[in-house]
Each structure stands twice: as C-alpha cells, then as structure tokens.
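A.B. asks: turn this into a structure:
(one chain, ligands or ions: 1)
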Amino acid sequence: MALDIICETSMGTTVDAQHNHDHTYVRSVTRLNEVVFAWQRMPWLKIKPIWYLTGYGGEYDHHLKVVTDFTKSVIREKWDEFQKFQVDQRETKDKRSMAFLDLLLELRQEGLLDEEDIREEVDTFMFEGHDTTSASMGWTLWSLAHYPEVQEKVIEEIDSIFQGSDRDCTNDDLKQMKYLEKCLKESLRLFPSVPFFARNVEKDTVINGDLFPKGVRIVVVPLILHRNPNWWENPNEFNPENFSEDKMGNRHAYADVPFSAGPRNCIGQKFAMMEEKTVISWFFRKYRLRSNIPFEANHAQPEIILKPSIGFPLIVEHRQPYA
Ligand code: HEM
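C.D. replies: Numbers count the residues shown, from 1 in each chain. Predicted coordinates:
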C-alpha cells in the first residue's frame, strides 16, 4: 500500500503493488534492499571481484537497471504528455494536486534539471518513501494490538472525529488526531524504521572531551539511542505519553531522531505522518486488533529498514459500528 501511495504521489503512476506482488519493480526493490544490506554488513563484498564472484554484483546491477528503467520510462511518458499540453492549459493546472514528478518536469522545461537529475530525485523519493512508512505502520499496529487500553483511546479519538462516517479524511481531521500522532511517534521511538544512518566528520570535532577526527564516519543508531534509560522511563515499554508536551519539553532535542536531524534530515516526515494517520484511522474506523503472541517475541531486526523477526501476525476483528 505504501508503495502504491508513493508511486502515485511522486510519479503520478501506479504499480498496484497491493494486488500485483509479482510486479518486476516490486520484486527488484525488495531484492535491492537485501543486496545493499549484505554489502553494508560484509566488508569483503566491497572488493569488486568478490562482489561479482558471489553473484551479488550481478544481481545488484540487474535489479538496479529494472528500477531505473521503470522510473525512466515513466519520466519519458510524463514528459511527452507534459509537452503535448498547451501552455495555457498547463497554467491552469492546480499545483496542489500535481505529482512530485510533474513539478520536476516544470523545472526541466525551465532548463533547471535534466532527465538524469529528475530520475535521481524520483528514485530517492520512491526508495525512502515506502518501506519506511510501511514498517512504521506495521510496528504501530503491532504495538496497539498489545496495549489494548491505548488502542481504545485511538478508537475513541477516531470515533469523535468521524462519528461513524466513512467519508474521506481531510487535513483538518489529521490535525485532530493528536493521540494517534503520539502513538506513531512512540512506535518510531521503539522501532525506528531507519535503525541507523551514517555521517562523515568534515572537520576535527571534540564532543564531551572525545576527538572525532576529520574523515571518520560516525554511525548514529536510533534503535539504541531511543531506548537510553537516561532519557526514557521504562524504555522498552510502549507508552505514547512519552510524547506528551511536558515530557517532550524536558528532554534533549536529539534523544529522539527517527527522521535524523540537521540539514540532511528526512524531508518526507510530514508526508509520512499524514499517510500513516490516514491509513491507520481508516483501519480503526472498522476494525480492532489483538494478538496471541507476546509483544517482546517480535524482535526488531536492523536491516536497511527495521524488520520484524516474525512479521506482524495479528488477529483482526470487526468493530461494533459507531453508535
Ligand atoms: C516513517 C517514515 C520515515 C522515516 C522513519 C524516515 C527516516 C529518514 C531518515 C532517518 C533519513 C536520513 C537518512 C540518512 O541520512 O542516511 C531520511 C532521509 C530522507 N527521507 Fe525519509 N523517512 C520516512 C519517510 C519518508 C517519506 C514518506 C519520504 C518521501 C515522501 C522520505 C524522503 C526522504 C528523503 C528524500 C531523504 C533524503 C534527504 C536528504 O538526503 O537530504 N522519507 N528519512
């Protein structure tokens, strides 16, 4: 679902991944993630002959080509459409409903980007913008199933907003989902979709008396940082109140960095929150969740994206209609 959402919003196209699990793009994205993770964890794969002899190199090249060819073909198709449009028609198009790609094509028309620049931007969005949100939604549902009193509060909030209606979600509705937002943040604290990221030190830097020389690479691990008992009471428990205003005010700004921080932080974080609130609030309008497997039995497996060790085996039940 998250892949369909990002395809539609960033490229204005669909791969219908929900019904089409076997779409070549879907398969290649999945395999690329696995191959890149192997490359990160096995340093010897960085030696080119080993990379190719183990078969990883060939697989990587193949799947990368599938993914970039797909994006390129969509960009070309959209570019042809874009050029066929008369200028006056284009000017009347509402920018708010344009896909990210349409906006980039306007920049190409103005000579500010070429086809390769656009492909890179679109691919980054596609890659960063779907596995992250689907992992986050999965871990949130897993947590809510194990904390029924929290789940009830989410349902109460959703009922108070929609009052049983199955109308679409508006921006105003999303703003009102304050408790659900706390749950999403708490789930990202315990299970950050991006479990680690790296930064190069650009100049000699001293932090707490320790020297970090220019040129070294620092790996930030939110998965560990977010469970630091100095900042979080009962750090392994799911407690959305960790994100109440008073608790947040008393905490170090970088104690919680699921979207990284600083100039290269995640530019999709607002989009991610909107998407997740929309999807999860739809779900709880109709269903409840429970599980017969203990919360802790699902281990967080840090790969490029934080994976659940046993998936998310949950029991879904229809709710009584809102009265
Ligand atoms: C819960 C969902 C998400 C999480 C936890 C997340 C997390 C992150 C993190 C930690 C980074 C920094 C990675 C690094 O420096 O290596 C990042 C970068 C980025 N994210 Fe997200 N992300 C999420 C959703 C999204 C979505 C939905 C989009 C697009 C619509 C997106 C687009 C990007 C882009 C383009 C970058 C690169 C920014 C740059 O390098 O300047 N992300 N994200």
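
A.B. asks: so is stretch 178-186 next to the ligand?
C.D. replies: No - using CB under 6 Å from any ligand atom, stretch 178-186 never reaches the ligand; the gap is at least 8.0 Å. Every C-beta, even on glycine, is put in place using the N, C-alpha and C of the backbone.

A.B. asks: distance between that stretch and the chain's centre?
C.D. replies: The gap between where stretch 178-186 is centred and where its chain is centred comes out at 15 Å by CA atoms, centre = their mean, to the nearest Å.

A.B. asks: can you pull the residues of the stretch 1-150 of the chain lying near the ligand?
C.D. replies: 124-125, 128-129, 132-133, 136.

A.B. asks: next up, phi/psi of the residue in the chain that the ligand sits nearest to, please.
C.D. replies: At 2.1 Å from the ligand, Gly268 is the closest residue in the chain, using CB to the nearest ligand atom. When read as degrees, to the nearest 10, the backbone of Gly268 gives phi -100, psi 10.

A.B. asks: pLDDT score for it?
C.D. replies: Predicted confidence (pLDDT) for Gly268: 92.

A.B. asks: what is the helix or strand where Lys182 lies packed up against?
C.D. replies: Assigned by DSSP states H and E, Lys182 belongs to helix 178-190. Contact partners of helix 178-190 among helices and strands, from 3 or more CB pairs under 8 Å, 6 or more residues apart in numbering; DSSP states H and E: helix 131-146, helix 148-162, helix 269-286.

A.B. asks: now for the first one, which elements pack on it?
C.D. replies: The helices and strands touching helix 131-146, judged by 3+ CB pairs under 8 Å, 6+ apart, are helix 2-11, helix 148-162, helix 178-190, helix 269-286, strand 287-290, strand 306-308.

A.B. asks: repeat that for 10 Å
C.D. replies: For helix 131-146, the packing partners by 3 or more CB pairs under 10 Å, 6 or more residues apart in numbering; DSSP states H and E come out as helix 2-11, helix 24-41, helix 148-162, helix 178-190, helix 269-286, strand 287-290, strand 306-308, strand 315-318.

A.B. asks: looking at the ones you listed, which is closest to Glu116?
C.D. replies: Evaluated over the helices and strands packed on helix 131-146, closeness to Glu116 peaks at helix 2-11, with 15.9 Å, by CB to CB.

A.B. asks: for the closest one, list every residue counted as buried.
C.D. replies: For helix 2-11, burial by neighbour count (16 or more other CB atoms under 10 Å) applies to 2-7, 9-11.

A.B. asks: return the member of those nearest to Asp256.
C.D. replies: For the buried residues of helix 2-11, the closest approach to Asp256 (CB to CB) belongs to Ala2, at 22.1 Å.

A.B. asks: re earlier: out of the helices and strands packed on helix 131-146, nearest to Leu223?
C.D. replies: Leu223 sits nearest to strand 306-308 of all these, at 6.8 Å, using CB to CB.

A.B. asks: what does the closest one rub up against?
C.D. replies: The contact list for strand 306-308, computed with CB atoms under 10 Å, 6 or more residues apart in numbering, reads 33, 37, 131-132, 135-136, 138-139, 142, 188, 190-196, 222-223, 258, 298-301.

A.B. asks: which parts of the stretch 201-323 of the chain sit against the ligand?
C.D. replies: Residues of the stretch 201-323 of the chain lying near the ligand (CB under 6 Å from any ligand atom): 258-260, 264, 266-268, 271-272.

A.B. asks: which of those has the largest number of neighbours?
C.D. replies: The most crowded member of these, judged by other CB atoms under 10 Å, is Pro258 (26 neighbours).

A.B. asks: show me where pLDDT drops low in the stretch 1-150 of the chain?
C.D. replies: Along the stretch 1-150 of the chain, segments meeting pLDDT under 70 span 85-97.

A.B. asks: kindly recompute the last result at 90.
C.D. replies: 1-27, 29-30, 33, 40-41, 70-110, 115, 121-131 (pLDDT under 90).

A.B. asks: out of the helices and strands packed on helix 178-190, which one sits most buried?
C.D. replies: Most buried of the helices and strands packed on helix 178-190, by mean neighbour count (mean count of other CB atoms under 10 Å): helix 131-146, with a mean of 23.

A.B. asks: between that one and helix 148-162, how big is the angle?
C.D. replies: 110 degrees (axes from the mean of the first three to the mean of the last three CA atoms, to 10 degrees).

A.B. asks: CA-only coordinates of helix 131-146 in CSV, if you can.
C.D. replies: The C-alpha trace of helix 131-146 is given here as CSV (Å, rounded to 0.1, in the frame of the first residue of the first chain):
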residue,chain,number,x,y,z
ASP,A,131,9.4,0.8,3.1
THR,A,132,9.9,3.4,5.9
THR,A,133,6.2,4.1,6.3
SER,A,134,5.1,0.5,5.9
ALA,A,135,7.5,-0.6,8.6
SER,A,136,6.3,2.2,10.9
MET,A,137,2.6,1.4,10.3
GLY,A,138,3.3,-2.3,10.9
TRP,A,139,5.1,-1.7,14.2
THR,A,140,2.4,0.7,15.3
LEU,A,141,-0.3,-1.9,14.7
TRP,A,142,1.8,-4.5,16.5
SER,A,143,2.1,-2.2,19.5
LEU,A,144,-1.6,-1.2,19.6
ALA,A,145,-2.6,-4.8,19.5
HIS,A,146,-0.5,-5.4,22.6
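
A.B. asks: that's all I had, so thanks and see you.
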